[in-house]
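Asker: got a sequence here, can you build the structure:
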Amino acid sequence: MRIGAAVLGFLALVAPARAAGGAAELAGRATLGADERPVTLRLACDPEGYGLSATLTVPRFAELSPAFDFDALEGPTGSTKPLAAIRVSGAGGVRGVTAAASGAVAVDPATSFTLTVSGARRGEDPLRGLGPGLTEAGARITWTQSSPRRSDATLAAAFPVTDPAALRSALAPCLPR
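Answerer: So this is what the prediction gives:
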């Protein structure tokens, strides 16, 4: 048994370390028709799984339901249409992606709704192309979310990147090299 433990110890020393991912939150503002409110954007890195992900949290979403169909985006039966447009603009230009966002009522507080864009474990990483722009000083991230109900207003959120070093540190394992 000593040999087995020694071999396992040796393998632990020579095996490549798994890159640890991180996350950062940005504060921003969203508009939907005449309504304007504070929102948050959580950017996360899962280098061994989903890659980069972005989660938009909309507080007090029920107040907006008459003008935006949150229910049609919720859960596994929610819309899979690419209704989310995420754009990063900065000194390096503009980069954007259109993707499907999965929705859910937040656990805490339950008065918020989250929309998440992330890759699948099949190697998809729709946000990877945004990576270089996310960490530029003065960059701005915008998320435009269309409703599955065509007559609805569009939810538009904007987030200034105020600490690009913190984003770079949190997202580094998922950014293109």
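Asker: tell me how many other residues crowd Arg168.
Answerer: Summarising burial for Arg168: neighbours were counted as other C-beta atoms under 10 Å, giving 15. Where you see a C-beta, it was placed from the backbone N, CA and C, and this is true even at glycine.
Asker: helix or strand next in line after the lowest-mean-pLDDT helix or strand in the chain, which one?
Answerer: Taking mean pLDDT, DSSP states H and E as the measure, the chain has helix 2-14 as its least confident helix or strand, at a mean of 42. Counting by DSSP states H and E, the element after helix 2-14 in chain order, helix or strand, is strand 23-32.
Asker: list the buried residues for that following strand?
Answerer: Buried residues in strand 23-32, counting neighbours by 16 or more other C-beta atoms under 10 Å, are found at Ala24, Leu26, Gly28, Ala30, Leu32.
Asker: just the helices in this structure please.
Answerer: 2-14, 131-134, 164-171 (DSSP state H).
Asker: so what touches the shortest one?
Answerer: Put plainly, it is helix 131-134. By C-beta atoms under 8 Å, 6 or more residues apart in numbering, the surrounding residues in contact with helix 131-134 are 43, 52, 88-90, 92-95, 139, 141, 161, 164, 167, 171, 174-176.
Asker: ok, now with 10 Å
Answerer: Applying C-beta atoms under 10 Å, 6 or more residues apart in numbering, the contact partners of helix 131-134 are 24, 26, 43, 45, 51-52, 54, 87-96, 125, 127, 139-141, 161, 164, 167-168, 170-172, 174-177.
Asker: pretty sure Val39 sits against Leu64.
Answerer: No. Proximity of Val39 to Leu64 does not meet the contact threshold set by C-beta atoms under 10 Å, at 11.3 Å.
Asker: turn the buried residues of strand 23-32 into TSV, including pLDDT and distance to Gly133.
Answerer: As requested, the buried residues of strand 23-32 are exported to TSV (pLDDT from 0 to 100; distance: C-beta to C-beta, whole Å):
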residue	pLDDT	distance to Gly133
Ala24	93	15
Leu26	96	14
Gly28	98	16
Ala30	98	20
Leu32	97	25
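Asker: the nearest residue to Pro148 once chain neighbours are set aside: neighbour count?
Answerer: Residue nearest to Pro148 in three dimensions, not counting chain neighbours: Ala72, with 3.9 Å by C-beta to C-beta, 6 or more residues apart in numbering. Burial measure for Ala72: 16 neighbouring residues, criterion other C-beta under 10 Å.
Asker: how about the most centrally placed residue in the chain, what does it touch?
Answerer: Here the mean C-alpha position of the chain is nearest to the C-alpha of Ala54 (C-alpha atoms, centre = their mean), at a distance of 0.2 Å. When contacts are counted by C-beta under 10 Å, 6+ apart, Ala54 touches 26, 41-44, 84, 86, 97, 99, 101, 115-118, 126-127, 130, 134, 141, 143, 159.
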